[in-house]
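> need coordinates for the following:
(one chain, ligands or ions: 2)
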Amino acid sequence: MEKTIALRVNGRAVSVTAMADTPLLYILRNDLALNGPKYGCGLGECGACTVILDGVAARSCVVPLAGAEGRAVVTLEGLGSSSAPHPVQQAFIDEQAAQCGYCMNGMIMTAKALLDRNPAPTIDQVRRALSGNLCRCGTHVEILRAVMRAARLLSSPGAHDDDQPDAGADARPDARPAVPADADPCGADGGVRRPADR
Ligand code: FES
Ligand code: FES
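Ligands and ions are numbered 1, 2, ... in the order given. All right, here's what the predicted structure looks like:
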């Protein structure tokens, strides 16, 4: 039986009528047109669908709508915009941390939740926080660099951070092409895209 459920999404009061066990991910994407969170596995195992629920990273594919009742949900769209990206998004752009971009929503949202509770994580703490987020393209080194850069950007807003971030001894040179100027790491497509993804 359908139920009307109230929650807050990206700071806005929202009321949704749907089956109470509908995955929150479906509500966000299909009812609220928030396509930042991605459907990957649907089983809570890949992290592509991550949102921040009451300040904690959560996998929206396994959170029933009823589980979000009265709670605050933040999606990728709630962070920044293409013209004014959140520092975490900016850091991912600066480090060219995306290849196909499909995992970016989960990486960015998980990183945001981590940095909210631990503004100066060690590289190992970042690794642990992201260990459940899968990236089939293998951009892990760039992603780690991006999170460390984001921590620095957040600790000194306005600073342009050109220092080499500490991504550990396994950091490797980035041979990929630059992110195109019109790439959108913030909007409905949910991640930095490469020309081949369009
Ligand atoms: S789609 Fe939710 S964890 Fe994979
Ligand atoms: S899955 Fe393609 S960039 Fe991570």
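> from here on, just use CA atoms for contacts and neighbour counts.
Fine.
> near ligand 1, which residues of the protein are found?
Proximity of the chain to ligand 1 is confined to 39-49, 59-61 under the rule CA under 6 Å from any ligand atom.
> what about the one residue in the chain that gets nearest to ligand 1, how many residues nearby?
Nearest residue of the chain to ligand 1, counting by CA to the nearest ligand atom: Gly44, 3.3 Å away. The number of residues packed near Gly44 is 19, by other CA atoms under 10 Å.
> wait, isn't it in contact with Val63?
No: under the criterion of CA atoms under 8 Å, Gly44 is not in contact with Val63, lying 9.0 Å apart.
> picking that back up, surely the residue of the chain closest to ligand 1 forms part of a strand?
No: checked against DSSP: H, G, I helix; E, B strand; the rest coil, Gly44 lies outside a strand; its state is coil.
> kindly list the longest helix within this structure.
helix 140-155 (DSSP state H).
> next, the buried residues of that helix.
140-154 (16 or more other CA atoms under 10 Å).
> three-state assignment of Gln125?
Assigned by three-state DSSP, the conformation of Gln125 is helix.
> could you measure from it over to Ala33?
Separation of Gln125 from Ala33 (CA to CA, to the nearest Å): 33 Å.
> who are the contact partners of Leu25?
Going by CA atoms under 8 Å, 6 or more residues apart in numbering, Leu25 touches Pro37, Lys38, Tyr39, Cys49, Ser60, Cys61, Val63.
> one more: Ala146?
Val88, Ala91, Phe92, Asp94, Glu95, Ala97.
> so the third one, which state does it fall into?
Secondary structure, three-state DSSP: Phe92 is helix.
> and for it, the neighbour number?
Neighbour number of Phe92 under other CA under 10 Å is 27.
> for Leu43, same thing?
So Leu43, with other CA under 10 Å, has 12 neighbours.
> show me what from the protein comes close to ligand 2.
Ala98, Gln99, Cys100, Gly101, Tyr102, Cys103, Cys135, Arg136, Cys137, Thr139.
> what about the chain, any weak spots by pLDDT?
157-198 (pLDDT under 70).
> where do the strands sit along it?
Assigned by DSSP state E, the strands in the chain fall at 2-9, 12-19, 50-53, 56-59, 72-74.
> distance to Ala129 and mean neighbour count added to these, as a markdown table?
A markdown table is the format used below for the strands of the chain (distance: least, CA to CA, whole Å; neighbours: other CA atoms under 10 Å):
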| stretch | distance to Ala129 | mean neighbour count |
| --- | --- | --- |
| strand 2-9 | 24 | 16 |
| strand 12-19 | 28 | 14 |
| strand 50-53 | 13 | 27 |
| strand 56-59 | 10 | 21 |
| strand 72-74 | 18 | 21 |
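> how about the ones you listed in CSV, adding distance to Ile108?
Shown next, in CSV, are the strands of the chain (distance: least, CA to CA, whole Å):
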stretch, distance to Ile108
strand 2-9, 17
strand 12-19, 21
strand 50-53, 9
strand 56-59, 10
strand 72-74, 12
